[in-house]
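Asks: here is a sequence with its predicted model. Questions after.
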Amino acid sequence: MTLTKAQIADAIHQELGFPKNGAAELLELLLELIKNKLENGEDVLVSGFGKFCVRLKKERRGRNPATGDDMLLSGRRVITFRCSHLLRKKINDDLPSSSGSR
């Protein structure tokens, strides 16, 4: 199931007691702040969650899968995400261990 902005705003409303429209505005402000920092090439670190990083991909050769023609793909910036070790541990704690007998 995908978590939507509306669901996040509703959770802010319920958990913190913000008015619904205030919770939605708070969420929009937070996302806009993150987008602006990434647009400026800055990384965004959310402690305990992870880090959004802007990386530069170099120009490279590619192929059009429909025609098979070779082409040159221009360089571009991409956003990557590295989750924190705390989040990774929390996600993986629920997995059954693979050290059992068969």
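Replies: Yep, it's here. Numbering: from 1, shown residues only.
Asks: now for the residue nearest to the spatial centre of the chain: which residues touch it?
Replies: The residue lying closest to the centre of the chain (Cα atoms, centre = their mean) is F81, at 5.5 Å. For F81, the contact set (Cβ atoms under 8 Å, 6 or more residues apart in numbering) comprises 50-53. (Glycine included, C-beta is placed from N, CA and C.)
Asks: off-centre distance for the helix or strand hosting it?
Replies: F81 belongs to strand 76-83 when assigned by DSSP states H and E. Relative to its chain's centre, strand 76-83 lies at 8 Å (Cα atoms, centre = their mean, to the nearest Å).
Asks: and that strand, which strands flank it?
Replies: Sheet pairing here is set by DSSP bridges, and for strand 76-83 it gives strand 50-57 (antiparallel).
Asks: put the alpha carbons of the strand it pairs with into CSV.
Replies: In CSV, the C-alpha atoms belonging to strand 50-57 read as follows (Å, rounded to 0.1, in the frame of the first residue of the first chain):
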residue,chain,number,x,y,z
GLY,A,50,18.0,8.5,5.7
LYS,A,51,19.7,10.9,3.4
PHE,A,52,18.6,12.2,0.0
CYS,A,53,21.7,12.9,-2.2
VAL,A,54,22.0,14.7,-5.5
ARG,A,55,24.4,12.8,-7.8
LEU,A,56,25.7,13.7,-11.2
LYS,A,57,25.5,11.1,-14.0
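Asks: give the rounded mean pLDDT of the helix or strand just after that strand.
Replies: Using DSSP H and E, the helix or strand that follows strand 50-57 towards the C-terminus is strand 60-63. In this model, strand 60-63 has a mean pLDDT of 93.
Asks: okay, the residue nearest to the centre of the chain: pLDDT?
Replies: For F81, the predicted pLDDT is 97.
Asks: what residues are bridge-paired with K57?
Replies: Beta-bridge partners, per DSSP bridges, of K57: R76.
Asks: any idea how far it is from K5?
Replies: Distance of K57 to K5, given as Cβ to Cβ, to the nearest Å: 28 Å.
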